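Trainee: Sequence unavailable; structure follows:
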């Protein structure tokens, strides 16, 4: 197997603001993994909080020698090797994991989900993410999300109720709220949880800083709606420590090194009685298609990253009535168009 890669900047349709920062683009690296005339596509998306850069990802890819492996032998040995190369570089590892799944699926002429005996069909309802913004911009963004049944709203400001009330003046759709560690007082969080339940919110994501385990547990024991971990859970090994602190977890391929570990995380979360959301960064349809392959196993699917960018170089992620329809093409089911 031979690796080829190149940097690619994801351009956002709107400035994306959460409780801690704003951005207009996301650095990425696109990967082509080739073996025997077959090409597998992968993607590394690196929002700033991951701590990875184009330079660090490129250095990792340069270190990874996959010429010692053949795709005919499967994906486990090369993935074990990739994960042995460093402790970190999770997004870079995810990019290679995604490319391996696409390549192997094309080799066996089957969708990548069949590696894990996951049935086809469709994803759970996709939530469309709306960052913190002015009310007129919120109106525009909600208009763009007409086919989606669930909206994911970024909170963690001095006027969280004002944002929700502005949303409710526009739509009565179900909501998910993502605090991105933006709350710091547990009684305020509990009051908000009861308010949010009244306002039709399904769940709260990552209310406190990941280090504040005491506040997480306190709220988990009292909240009238589920509380999900995001920044608090990156890898399979983190799930044990999240028991009793959260009702569910948000699994993202770029955090957990890719599809293989994401699948293992879903199995472990179910063993602990936890709910599962499959999430994403701002990504192309390549990484979104990878997550979509395992999405039938999840309760929620926050897989809209490709819809937030204006320069998606892939096609093949089909939406119907707010859900991703899993096609029967081999690998990830996508094609490169630019």
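Mentor: Ah, there it is. As the structure is a prediction and not an experimental result, all values here were calculated from the model.

Trainee: Could you point out the longest strand of this protein?
Mentor: strand 2-17 (DSSP state E).

Trainee: and that strand, what does it pack onto?
Mentor: On a contact count with 3 or more C-beta pairs under 8 Å, 6 or more residues apart in numbering; DSSP states H and E, strand 2-17 meets strand 22-35, helix 54-63, helix 90-108. To be clear about C-beta, it is placed using only N, CA and C from the backbone, and glycine gets the same treatment.

Trainee: now do 6 Å
Mentor: Where contact means 3 or more C-beta pairs under 6 Å, 6 or more residues apart in numbering; DSSP states H and E, strand 2-17 is packed against strand 22-35, helix 54-63.

Trainee: Now do it against helix 90-108: the angle between them, please.
Mentor: 130 degrees (axes from the mean of the first three to the mean of the last three C-alpha atoms, to 10 degrees).

Trainee: in strand 2-17, what's buried?
Mentor: Buried residues in strand 2-17, counted by 16 or more other C-beta atoms under 10 Å: 3, 5, 8, 10, 12, 16.

Trainee: CSV for these, including pLDDT and distance to residue 315?
Mentor: Below are the buried residues of strand 2-17 laid out as CSV (pLDDT from 0 to 100; distance: C-beta to C-beta, whole Å):
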residue, pLDDT, distance to residue 315
3, 98, 23
5, 98, 20
8, 97, 16
10, 96, 16
12, 92, 19
16, 68, 23
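
Trainee: any idea which of the helices and strands packed on strand 2-17 is most buried?
Mentor: Comparing these by mean neighbour count (mean count of other C-beta atoms under 10 Å), strand 22-35 ranks first with a mean of 19.

Trainee: before we move on, back to that, compare the mean pLDDT across the helices and strands packed on strand 2-17 and name the weakest.
Mentor: Among those, strand 22-35 carries the lowest mean pLDDT, at a mean of 92.

Trainee: Give me the contact list for it.
Mentor: Strand 22-35 is contacted by residues 1-12, 15-16, 39-40, 42-47, 54, 57, 71, 95, 99, 103, 282 when judged by C-beta atoms under 6 Å, 6 or more residues apart in numbering.

Trainee: can you give me how far that strand is from the chain middle?
Mentor: Strand 22-35 has its C-alpha centroid displaced from the chain centroid by 14 Å (C-alpha atoms, centre = their mean, to the nearest Å).

Trainee: Pull up the pairing partners for that strand, direction included.
Mentor: Using DSSP bridges, strand 22-35 pairs in its sheet with strand 2-17 (antiparallel), strand 38-45 (antiparallel).

Trainee: rewinding a little: from the chain's centroid, how far away is the longest strand of the chain?
Mentor: Put simply, strand 2-17 sits 15 Å off its chain's centre (C-alpha atoms, centre = their mean).

Trainee: what angle separates it from helix 54-63?
Mentor: Using the same axes, to 10 degrees: strand 2-17 against helix 54-63 is 160 degrees.

Trainee: residues making contact with strand 2-17?
Mentor: 22-26, 28-34, 54, 61, 66, 131-132, 282, 308-311.

Trainee: next structured bit after the helix or strand of the chain with the lowest mean pLDDT?
Mentor: Ranked by mean pLDDT, DSSP states H and E, the helix or strand of the chain with the weakest confidence is helix 135-144, at a mean of 82. The helix or strand immediately downstream of helix 135-144 is strand 150-154, counting by DSSP states H and E.

Trainee: Does that next one pack against any helices or strands, and if so which?
Mentor: By 3+ C-beta pairs under 6 Å, 6+ apart, strand 150-154 packs against strand 127-130, strand 174-178.

Trainee: Quick one: the ones you listed as CSV, columns for distance to residue 136 and mean neighbour count too.
Mentor: CSV is the format used below for the helices and strands packed on strand 150-154 (distance: least, C-beta to C-beta, whole Å; neighbours: other C-beta atoms under 10 Å):
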stretch, distance to residue 136, mean neighbour count
strand 127-130, 13, 25
strand 174-178, 19, 22
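
Trainee: which stretch in the ones you listed has the least confidence?
Mentor: strand 127-130 (a mean of 90).

Trainee: Pretty sure residue 225 sits in a helix.
Mentor: No: counting by DSSP: H, G, I helix; E, B strand; the rest coil, residue 225 falls outside a helix, being coil.

Trainee: List the contacts of it.
Mentor: 193, 197, 203 are the contacts of residue 225 under C-beta under 6 Å, 6+ apart.

Trainee: which residue sits closest to the residue nearest the centre of the chain in space, ignoring its chain neighbours?
Mentor: By C-alpha atoms, centre = their mean, the chain has its centre lying nearest to residue 280, at 1.8 Å. Using C-beta to C-beta, 6 or more residues apart in numbering and skipping the chain neighbours, the partner closest in space to residue 280 is residue 305 (4.0 Å).
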